[in-house]
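*Asks:* pasting the structure only:
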């Protein structure tokens, strides 16, 4: 049990698998089962190749995020916030399940963006994903911006794209304000998200990892847990 007064949390895809959303690198992960799918998450490939965009839009249209519900892991973090002990909920996830569970939007720092909105890569106009999905249903395989004709993409951060500096700064501030840093359901292989562990460790803050697979930070962590997230988190912060 973690009884610290100030806790920063980093979540990855592993917290949402119990909600029916597959992770990327796990045994049933998107990239594990289909390595070629990684091209959909590379900005250069996405911009250069129409066929990659077509596959990416098929992937988005069928995404389980549209109907997924938060699980007990998400709800445990809402309770941590209710106790006034959460300095920030930093997430690599794009599914919006933390907000759907009831986490305050101002405490949720979405490092990798959100799938619920769409950006035009040319004029930078942002619209709801709900405005684009019907165009896919109508047969538009690669919908373009209706204002400028530019390439549309979900408002997520692909490989090759820079993170939002404001969001990253907020994540760093939440980490620095905490007494303990907890990484949940993340492989800790993607930076700068994983670098938050380094910030915590350099400041002498205990690092606690809850993840099904090994991570590069396991040896430096004060505690490493391999138990299911949805059954472990409800009792971890009580």
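*Replies:* Noted; the coordinates are in hand. Given the structure is predicted, the values throughout are model-derived calculations rather than measurements. Numbering: from 1, shown residues only.
*Asks:* sec struct for the residue most central in space within the chain, please.
*Replies:* Nearest residue to the geometric centre of the chain (C-alpha atoms, centre = their mean): residue 93, 1.3 Å. Here residue 93 is recorded as coil under DSSP: H, G, I helix; E, B strand; the rest coil.
*Asks:* where's it relative to residue 149, distance?
*Replies:* For residue 93, the distance to residue 149 equals 31 Å [C-beta to C-beta, to the nearest Å]. No exception for glycine: its C-beta is placed from N, CA and C like everyone else's.
*Asks:* and what of residue 118?
*Replies:* 14 Å.
*Asks:* Look at these two and report which has more neighbours.
*Replies:* residue 118 (23 against 10; other C-beta atoms under 10 Å).
*Asks:* longest single strand anywhere in this structure?
*Replies:* strand 113-120 (DSSP state E).
*Asks:* helices or strands next to the following helix or strand past that strand in the packing?
*Replies:* Following strand 113-120 in sequence order, the next helix or strand is strand 126-128 (DSSP states H and E). With contacts defined as 3 or more C-beta pairs under 8 Å, 6 or more residues apart in numbering; DSSP states H and E, the packing partners of strand 126-128 are strand 113-120.
*Asks:* Lowest-scoring secondary structure element of the chain by mean pLDDT?
*Replies:* Taking mean pLDDT, DSSP states H and E as the measure, helix 30-33 is the helix or strand of the chain with the lowest mean score, a mean of 60.
*Asks:* Toward the C-terminus from that one, list the very next helix or strand.
*Replies:* Taking DSSP H and E as the definition, the helix or strand right after helix 30-33 is helix 43-48.
*Asks:* neighbouring contacts of that following helix?
*Replies:* Contact partners of helix 43-48, identified using C-beta atoms under 8 Å, 6 or more residues apart in numbering, comprise 39-40, 52-53, 56, 121, 151, 153, 158-161.
*Asks:* how far out from the middle of the chain is that helix?
*Replies:* 21 Å (C-alpha atoms, centre = their mean, to the nearest Å).
*Asks:* Show me which positions of that helix end up buried.
*Replies:* 45-46 (16 or more other C-beta atoms under 10 Å).
*Asks:* Hmm, the residue nearest to the centre of the chain is touching residue 17, no?
*Replies:* No: taking contacts as C-beta atoms under 8 Å, residue 93 lies outside contact range of residue 17: 10.7 Å.
*Asks:* didn't residue 60 look like it was pressed against residue 115?
*Replies:* Yes: at 6.9 Å, residue 60 counts as touching residue 115 under the criterion of C-beta under 8 Å.
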